[in-house]
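**Q** Give me a model of this one.
(2 chains)
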Amino acid sequence: MEELSGAIALVGYGLAAIGPGIGIGLIAGSAVEAMARQPEAAGMVRTTMFLGIAFTEALALIAFVLFFLV
Amino acid sequence: MDELILALEECDLSEQAVCAPSDVTVLFEFREPIIEIFGFPITRTVFLIFLAALVAILILFFGLRKRATHPGKYQLSVESLMTYVRDEIAIGIIGPLGVKYYPYLMALFIFILVGNAFEITPLINFPITSRMAIPLFLALVTWVIFVFAGFKRNGISYLTGIVWPPGVPVALKPLVGLIEFVSVFFVRPFSLAVRLFANLVAGHVMLSLMLVTAFVSVVGLFTGDISVVKGLFGFAWWALALAIFMFEMIVIVLQAYIFTLLSAVYIDTSINVEH
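**A** Have a look, this model is predicted:
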């Protein structure tokens, strides 16, 4: 039986990407819903959406950097 | 170009699926100085930083030189970019006081945009923002600006409003205050820098590995070094790399926008403290 080999940090990054993935999906979904309901507020919703995505995405990106550091 | 040569030398597609150097940091380090000025070695990265600053200055200079009443295409696009940053980011986020910070935000936006765009510029292909020095420095400048703006506008109540937040039950105040303090003064600049840095690192790694793999596969197909199937896979790699190329174009603009937007949001939260 062959041994598995590789970096355990990869698994860590995969785990860390789950949460932000779900979060960004929720944010973008809600933003689309809001824009569809109120197209005149689309500009404001888009700015807020990018803000939310930026904050959520940071978690995955920090894990990505840690993967290279460790 | 160095990175391409580096990866080519080590690449053996019969053993590995993707041409990846054993240590991925070689894609980001240019140790040999290309020129020395007064004993200061100028590496490729340093040269590109100055080039980015020069390009940013030239874009603004030639866009705003004439100030024609009937602007041409180029002046119009530069002016609409500036109007967007002023009205949507500076005034839209910070409020009427934001006009004061608009020059900084504009400089930030256009410098990061040019620095990011080097990622997909032919013959350069290296985003300077993928070296931590640049995002970290810009984030620290933002940090200094929002801390000073907070103290200047709100005095010492800026600090006390963070460590002893109003409107929170007394029992929770030390805990919330501690979390807020760490989050405002330490996590903010760090996450601001890491967001830009990590996005560009990911893009650069993806693009360079895929394009080098595609190049080696297709060259190997013609010289007969590797099997036909693997050589044909090279074209698939190429198509994928082109798709990533388009994606990176979006990322480049979006990350410059988000960095500027978050800088404005941070300045806003330290100026307009809710009472």
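
**Q** residue closest to the middle of chain A?
**A** A:P20 (3.3 Å; Cα atoms, centre = their mean).

**Q** Find the helix or strand that the spatially closest residue to that residue that is not a sequence neighbour is a member of.
**A** Nearest in space to A:P20, with sequence neighbours left out and distances taken as Cβ to Cβ, 6 or more residues apart in numbering or on different chains, is A:A60 at 4.0 Å. Using the backbone N, CA and C atoms, a C-beta is placed for each residue, glycine as well. Using DSSP states H and E, A:A60 falls within helix A:42-69.

**Q** which strands and helices sit next to that helix?
**A** helix A:8-37, helix B:188-223, helix B:228-271 (3 or more Cβ pairs under 8 Å, 6 or more residues apart in numbering or on different chains; DSSP states H and E).

**Q** Can you list the helices and strands that the shortest one packs against?
**A** The criterion is 3+ Cβ pairs under 8 Å, 6+ apart, and the helices and strands that helix A:8-37 contacts are helix A:42-69.

**Q** Can you mark which positions in the helix it packs on are buried?
**A** A:45, A:47, A:49-58, A:60-65, A:67-68 (16 or more other Cβ atoms under 10 Å in any protein chain shown).

**Q** For whichever residue of chain A sits closest to chain B, list the residues it contacts.
**A** Relative to chain B, the nearest point of chain A is A:L61 (3.8 Å; Cβ to the nearest Cβ). When the contact criterion is Cβ atoms under 8 Å, 6 or more residues apart in numbering or on different chains, the partners of A:L61 are B:194-195, B:198-199.

**Q** For chain A, tell me which of those show up nearby.
**A** B:194-195, B:198-199 (Cβ under 8 Å from any Cβ of the partner chain).

**Q** Just the buried residues from these, in PyMOL please.
**A** Remark: buried members of the ones next to chain A among the contacts of A:L61, expressed as a PyMOL selection using 16+ other Cβ under 10 Å:
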select buried, chain B and resi 194+195+198+199
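
**Q** can you list the ones next to chain A among the contacts of A:L61 in CSV and add pLDDT and distance to B:S80?
**A** As requested, these are exported to CSV (pLDDT from 0 to 100; distance: Cβ to Cβ, whole Å):
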residue, pLDDT, distance to B:S80
B:V194, 89, 31
B:R195, 90, 26
B:A198, 89, 30
B:N199, 89, 25
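
**Q** now, among the ones next to chain A among the contacts of A:L61, which is nearest to chain A?
**A** Distances from chain A to the ones next to chain A among the contacts of A:L61, taken by Cβ to the nearest Cβ, are shortest for B:A198, at 3.8 Å.
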